[in-house]
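**Q** pasted the sequence and its predicted model underneath.
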Amino acid sequence: MYLDGRLWRFTAGLRHRLVGAVFIGLLSAAVGVLRLILLGWLLGLIFEGAALSELWGPVALVGGTMLMRAVLEYSRNMVAHHTSARVQLSLRRHLYEQVVLLGPAYFGLKRTGDVLVSLVEGVEQLETYFGQYIPQLFVAALTPMMIFVFMVFLDGPIAVCFLVFAIITLIAPSMFHYWDRMSARARSKSYGAFAAEFLDSLQGLGTLKSFGQSRARAESLAHKAHELFRTTMWVLATNALGRGITDTGIALGAAGALAMGAWRVSTGETELWILLVVLMMGVEVFRPLRELRNLLHQGMVGQSAAEGILDILAAPPSLEDNGTETVTLHE
């Protein structure tokens, strides 16, 4: 998964908010499980021919859990947005201090467009990474174990089946993490190179026309744009591969648990209402994994954007002030 330890240090002082977002996500998943259990109980009563007066209680409980789930999801989204905004503010402060420390001696040797991509767009791309992706990664890892605790009291073998497939689905995409990382880095370099060339071309458009080099520069920009297109498509291809693996694991896990539940009902080892819970639980067990799948691209984009930001933060100043009357020039 796309979790860079170098970016984690920027969450200092805000990690309690990330823990809060994870806790709200787990609580939302627990309420979702409770809703499905109540639905299974309600459907079981209907199949048993219960009177309408006996159904009002379960119906009210199901409605209450749905309302509670909506409130928790709203709270989690608000915490995510506020957390990402504060992390971005901290990151911008670190970047500003580093830019002042490096001074014009460093940036005079760099392409303007490449630096601007890292300082402006790179920070913006980390909003979803810090606010949604990181909390969702922990929620996706912890929810299957929490649901296993719920399910083991209903049916142990089915609970084990759910847990095994959930863990495999969570871990399997990381087998291609190296490819994803390399493709993300290649796209970051291509994007920076194209942005630098494009901005320089706009700034020097008059000079290019004066010397008749506008067509040659247009061809150069077209080549860099095609390289950016190629690397972007490769990033999307590797991302689609990871999402395909996740979708396959989700489908196999839900089908396997349902098949096992149907077999156990046919042999009389479990009850029908438990099978109904299993039927609906296949949605809730893998819901965090599906949500994480939708954020995998943002995690990869965030990691790609972080490369340029971290390069600036790690750059040593060419002129070092040691507190004396002279300064030391580093080659």
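**A** It's in. Residues are numbered from 1 along each chain as shown.
**Q** isn't I250 up against R290?
**A** Yes: in this structure I250 lies within contact range of R290 using Cβ atoms under 8 Å: 6.6 Å. To be clear about C-beta, it is placed using only N, CA and C from the backbone, and glycine gets the same treatment.
**Q** list the contacts of R86.
**A** L14, R17 (Cβ atoms under 8 Å, 6 or more residues apart in numbering).
**Q** helix or strand: which one has it?
**A** helix 56-107 (DSSP states H and E).
**Q** ok so, going back, neighbour count winner among I250 and R290?
**A** I250 (21 against 15; other Cβ atoms under 10 Å).
**Q** what's the closest non-adjacent residue to the more buried one?
**A** Excluding its sequence neighbours, the residue lying closest to I250 (Cβ to Cβ, 6 or more residues apart in numbering) is F286, at 4.3 Å.
**Q** give me phi/psi at the one you found?
**A** phi -100, psi 10 (degrees, to the nearest 10).
**Q** so it makes contact with A255?
**A** No: using Cβ under 8 Å, F286 is not in contact with A255; the gap is 11.4 Å.
**Q** neighbour count: the two, which is higher?
**A** F286 (28 against 12).
**Q** residue closest to the middle of this protein?
**A** Y133 (2.9 Å; Cα atoms, centre = their mean).
**Q** which parts of the protein are strands?
**A** 319-321, 327-329 (DSSP state E).
**Q** and those, which one's lowest on average pLDDT?
**A** Per-stretch mean pLDDT for the strands of the chain is lowest at strand 327-329 (a mean of 53).
**Q** in stretch 71-86, what's buried?
**A** Buried residues in stretch 71-86, counted by 16 or more other Cβ atoms under 10 Å: L72, S75, R76, V79, A80, T83, S84, R86.
**Q** also stretch 38-49?
**A** Here stretch 38-49 shows L38, L39, G40, W41, L42, L43, G44, L45 as buried, counting by 16+ other Cβ under 10 Å.
**Q** shouldn't the first one be in contact with G64?
**A** No: counting by Cβ under 8 Å, G64 is not a contact partner of L38; they are 9.1 Å apart.
**Q** could you pull out the helices for this protein?
**A** For the chain, the helices defined by DSSP state H occupy 5-8, 15-47, 56-107, 112-116, 122-128, 134-152, 156-171, 177-203, 205-210, 214-266, 272-285, 287-314.
**Q** now do the second one against helix 287-314, angle only.
**A** Think helix 15-47. Using axes from the mean of the first three to the mean of the last three Cα atoms, to 10 degrees, the inter-axis angle of helix 15-47 relative to helix 287-314 is 170 degrees.
**Q** try the longest one
**A** Going by the same axes, to 10 degrees, helix 214-266 is angled at 150 degrees with respect to helix 287-314.
**Q** same question for helix 214-266, mean pLDDT?
**A** The model assigns helix 214-266 a mean pLDDT of 83.
**Q** measure stretch 261-278 end to end?
**A** 7 Å (Cα to Cα, to the nearest Å).
**Q** what sits up against it?
**A** Applying Cβ under 8 Å, 6+ apart, the set of residues contacting stretch 261-278 is 36-37, 39-41, 43-44, 47, 154-155, 157-158, 257-258, 279.
**Q** kindly recompute the last result at 7 Å.
**A** By Cβ atoms under 7 Å, 6 or more residues apart in numbering, the surrounding residues in contact with stretch 261-278 are L36, I37, G40, W41, L43, G44, F47, L154, D155, I158, A257, L258.
**Q** buried sites along that stretch?
**A** G261, R264, V265, T270, W273, I274, L275, L276, V277, V278.
**Q** before we move on, the earlier item: list the residues that contact the residue nearest to I250.
**A** If you count contacts by Cβ under 7 Å, 6+ apart, then F286 has A166, I250, G253, A254 around it.
**Q** ok, now with 10 Å
**A** 140, 143-144, 147, 162, 165-166, 169-170, 246-247, 249-251, 253-254, 292-293 (Cβ atoms under 10 Å, 6 or more residues apart in numbering).
**Q** cool, and A70?
**A** A70 touches S28, V31, counting by Cβ under 10 Å, 6+ apart.
**Q** and the closest residue to S318 other than its chain neighbours, what pLDDT?
**A** Distances taken as Cβ to Cβ, 6+ apart place A105 nearest to S318, at 4.5 Å, with adjacent residues excluded. On pLDDT, A105 comes in at 74.
**Q** next: G122.
**A** 75.
**Q** any weak-confidence spans in the chain?
**A** 1-4, 111-114, 177-178, 297, 300, 319-331 (pLDDT under 70).
**Q** I'd like the distance between the residue nearest to I250 and F47.
**A** 26 Å (Cβ to Cβ, to the nearest Å).
**Q** check G212 too.
**A** 83 Å.
**Q** does V19 touch V139 like I think?
**A** No: using Cβ atoms under 10 Å, V19 is not in contact with V139; the gap is 11.4 Å.
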